[in-house]
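1. just need the structure, nothing else, for what follows:
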Amino acid sequence: QVQLVESGGGLVQPGGSLRLACAASGNGFSLYRMGWYRQAPGKQLELVASISSGGSTNYVDSVKGRFTISRDNAKKTLYLQMNSLKPEDTAVYYCRAERRTVGLDYWGQGTQVTVSS
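-> Sure, this is the predicted structure:
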């Protein structure tokens with residue numbers, strides 16, 4: 001069993017930065033593929049960025065060059081550094097941990113990010 005707790009959301013002006021963190025409890029964090037997802041009001045859930053157990057990363061086109069996903073396996077924590085934020089980045093951001101080969105899939109409760117002047 002893995003529990004995920006996100007933090008670091010808030011209100012920021014356009015062009016600003018935020019760093020989200022997702023702290024995991026339980027065993028085997030390093031074995032999970034981790035991802036950040038977001039859902040804006042009235043829109044579908046969207047994969048923002050993911051990082052494999054080996055450290056390979058992927059990003060949705062709209063955040064490439066602005067967001068960076070990283071993980072610290074020793075601290076069992078996932079990060080999302082968000083720079084040059086835009087109003088369209090406003091959403092609830094969720095952390096996800098997956099091990100598809102063994103059918104494990106966990107989600108955090110989400111953290112609100114609002115980009116507005």
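
2. how near is the closest residue to residue 59 other than its chain neighbours to residue 95?
-> Spatial nearest neighbour of residue 59, excluding adjacent residues (C-beta to C-beta, 6 or more residues apart in numbering): residue 49 at 4.8 Å. Glycine gets a C-beta too; all of them are placed from N, C-alpha and C. Applying C-beta to C-beta, to the nearest Å, the value for residue 49 to residue 95 is 11 Å.

3. ok, now residue 38?
-> 11 Å.

4. neighbour-wise, which of those two wins?
-> residue 95 (27 against 22; other C-beta atoms under 10 Å).

5. report pLDDT for the more buried one.
-> On pLDDT, residue 95 comes in at 98.

6. next: residue 1.
-> So, for residue 1, pLDDT stands at 85.

7. what about it, distance to residue 40?
-> 30 Å.

8. looking at the two, which is more packed in?
-> Under the criterion of other C-beta under 10 Å, the comparison of residue 1 against residue 40 puts residue 40 first, with 14 against 7.

9. distance check, the nearest residue to residue 83 once chain neighbours are set aside against residue 56.
-> Leaving aside its sequence neighbours, residue 83 sits nearest to residue 17 (C-beta to C-beta, 6+ apart; 4.8 Å). Distance, residue 17 to residue 56, using C-beta to C-beta: 24 Å.

10. and residue 63, by the same measure?
-> 17 Å.
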